[in-house]
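Okay, sequence plus prediction incoming.
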There are 2 protein chains.
Amino acid sequence: MKNQSSPDTIAEAAEPDQAWTQAILERPGFLIRRLHQIHVSLFMEECSGFDITPVQYSIMSMVSLYPGKDQHELGQAIGVDRATLANVVARLEKRDVLRRENAQHDRRVKQVFLTQAGQDILDQMSEPARRAHARTIEALPVKGRAQFMSAMKTLTEAGNIHSRAPVKS
Amino acid sequence: MKNQSSPDTIAEAAEPDQAWTQAILERPGFLIRRLHQIHVSLFMEECSGFDITPVQYSIMSMVSLYPGKDQHELGQAIGVDRATLANVVARLEKRDVLRRENAQHDRRVKQVFLTQAGQDILDQMSEPARRAHARTIEALPVKGRAQFMSAMKTLTEAGNIHSRAPVKS
DNA sequence: ATTAATACGTCAGTATACTGATCAATAATC
DNA sequence: GATTATTGATCAGTATACTGACGTATTAAT
């Protein structure tokens, strides 16, 4: 209610402290959010025409490996909470990419399967998806990429329990 | 429509190929999404009670440095598209954290200011926010943290133009 | 066997993130 | 000066992500 609430402080606010701005833009969380945005953009660019998002692709990949895996297991496998996973799967089912089926052994459970259309999309996306992942870290020297991926593994494994939807292997 | 669409393939699908599962879970984009989730969780945990998200904190920090910056500039400064930024700012305005004002020099422009309440929250959040960022990378050895942050800077700078809301400095 | 606890899925609500369209104000062009 | 183009903001729609609550089905405990 003193200095920053008055509009006539605009002029001299143009160059307060470049270092402080840098401090904001170099926080770990900030850079992680940015890199996530960048990867999603690269993924959607490489995979344009399929209209499949990175998370959808992760789910399809996992269902392809484990046909009949239920929603709860799928969520735990890729680190997506059950509410979000149900949303994504419902969308893919509506588009005839996935199919859900009530399990006989437990009527609470819904098992997920790829349709033939879904398997075809997955196959066709293999190369563009690989490129998107590669481009995300291509600015690093080859040696640096391995170091970076190693660090990411360390951090995600260490932080796994702290996230709301931990990956359960 | 052959192997994966039949529910009686569940049993033998239990252990298809551990290596393939690993391949999914070690893609760059996958780990980036996970680390982003983890950081947000840590941030919300450290800053519980304030009900301020990481992006909201970024905006508040930037407005504190540049009072009167308009929405378009703010979005470019922190890498958030204008539609999203307008949403976030509108929410913070409703909670009396920020204040918007129509600029005299250009009636299209809405300048953003912190309220006193907003500045107080920002001040009080300084330490918990710092801890959240620190904890996000604390699993790395001290030397590894610098390397990791350096790699993140390289990647976000290189990928900046590819994202839909590039940071403009 | 009934009750209690747990598990799976869903729903409602909220937040970030993006797209594409629209509208009003400004800037550029003729 | 009138027309055109550009810009800032908003709106509608969609997607991931999470919370808390609910209902139903299963399992555990009594």
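Noted; the coordinates are in hand.

for DNA strand D, what are the nearby residues on chain A?
A:53, A:55-56, A:79-81, A:83-84, A:87-88, A:91, A:106-108, A:163-165 (Cβ under 7 Å from any atom of the strand). Backbone N, C-alpha and C define where each C-beta goes, glycine included.

filter these by proximity to chain B?
A:55, A:79, A:163-165 (Cβ under 8 Å from any Cβ of the partner chain).

ok so, going back, can you select the buried ones among the residues of chain A next to DNA strand D for me in ChimeraX?
Here is the ChimeraX selection string for the buried members of the residues of chain A next to DNA strand D, based on 16 or more other Cβ atoms under 10 Å in any protein chain shown:
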select /A:53,55,56,79,80,88,163,165
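
From the rest of the structure, what touches the helix ranked longest in chain A?
Longest helix in chain A by number of residues, with DSSP state H as the criterion: helix A:116-136. For helix A:116-136, contacts defined as Cβ atoms under 8 Å, 6 or more residues apart in numbering or on different chains pick out A:35, A:38-39, A:42-43, A:45-47, A:50, A:52, A:57, A:60-61, A:63-64, A:92, A:96-98, A:114, B:1-2, B:4-5, B:27-29, B:32, B:155, B:159.

Can you get me the start-to-end distance on stretch A:22-30?
End-to-end distance for stretch A:22-30: 11 Å, by Cα to Cα, to the nearest Å.

Could you tell me how far the host helix or strand of residue A:38 lies from the centre of the chain?
Per DSSP states H and E: residue A:38 is located in helix A:28-46. Counting by Cα atoms, centre = their mean, to the nearest Å, helix A:28-46 is centred 9 Å from the centre of its parent chain.

Now do the helix or strand that comes right after that helix against helix A:28-46, angle only.
Going down the chain from helix A:28-46, the next helix or strand is helix A:54-65, by DSSP H and E. Relative orientation of helix A:54-65 versus helix A:28-46 (axes from the mean of the first three to the mean of the last three Cα atoms, to 10 degrees): 70 degrees.

Can you report how many residues lie near residue A:41?
Here the number of neighbours of residue A:41 (other Cβ atoms under 10 Å in any protein chain shown) works out to 19.

so what pLDDT did the closest residue to it other than its chain neighbours get?
Among residues not flanking residue A:41 along the chain, residue B:163 sits closest, at 4.8 Å (Cβ to Cβ, 6 or more residues apart in numbering or on different chains). The model reports residue B:163 with a pLDDT of 88.

quick one: residue B:163 and residue B:83, what's the gap?
When distance is defined by Cβ to Cβ, to the nearest Å, residue B:163 is 15 Å away from residue B:83.

Check which helices and strands the strand or helix carrying residue A:92 is in contact with.
Element membership for residue A:92 (DSSP H and E) is helix A:82-94. Secondary-structure packing of helix A:82-94 (3 or more Cβ pairs under 8 Å, 6 or more residues apart in numbering or on different chains; DSSP states H and E): helix A:54-65, helix A:71-78, strand A:98-102.

starting at the chain centroid, how far to the longest one?
Right, the one you point to is helix A:54-65. 11 Å.

Specify the angle between that helix and helix A:71-78 in degrees.
Relative orientation of helix A:54-65 versus helix A:71-78 (the same axes, to 10 degrees): 110 degrees.

wait, does helix A:54-65 make contact with DNA strand C?
No - Helix A:54-65 lies apart from DNA strand C when judged by Cβ under 7 Å from any atom of the strand; the minimum separation is 12.0 Å.

which other residues reach that helix?
Contacts of helix A:54-65 from elsewhere in the structure, counted by Cβ under 8 Å, 6+ apart, are A:39-40, A:43, A:47, A:52, A:69, A:74, A:77-78, A:80, A:85, A:88-89, A:91-92, A:97-98, A:112-114, A:118-119, A:121-122, A:125, A:129, B:4, B:13, B:16-17, B:20-21, B:24, B:29-30, B:33.

List only those of the residues you listed flagged as buried.
Using 16+ other Cβ under 10 Å as the threshold, A:39-40, A:43, A:47, A:52, A:69, A:74, A:77-78, A:80, A:85, A:88-89, A:92, A:97-98, A:112-114, A:118-119, A:121-122, A:125, A:129, B:4, B:21, B:24, B:29-30, B:33 are the buried ones among the contacts of helix A:54-65.

Give me the subset of these that also touch DNA strand C.
Within the set of these, contact with DNA strand C (Cβ under 7 Å from any atom of the strand) is found for residue A:40.

Spell out which residues of chain A are next to DNA strand C.
By the rule Cβ under 7 Å from any atom of the strand, the part of chain A lying against DNA strand C is A:33, A:37, A:40-41, A:70-72, A:82-83, A:86, A:90, A:100, A:106, A:108-110.

Quick check: the two most widely separated of the residues you listed?
Farthest apart among those by Cβ to Cβ are A:41 and A:106. That separation is 40.1 Å.

Just the mean pLDDT for stretch A:20-32, thanks.
Averaged over stretch A:20-32, pLDDT sits at 92.

Could you point out which residue ranges in chain A have low pLDDT?
Low-confidence segments of chain A, defined by pLDDT under 70: A:1-17.

and if we set it to 90?
Applying pLDDT under 90 to chain A flags the ranges A:1-23, A:162-165, A:168-169.

For residue A:101, see how far away residue A:157 is.
The gap separating residue A:157 from residue A:101 is 33 Å, by Cβ to Cβ.
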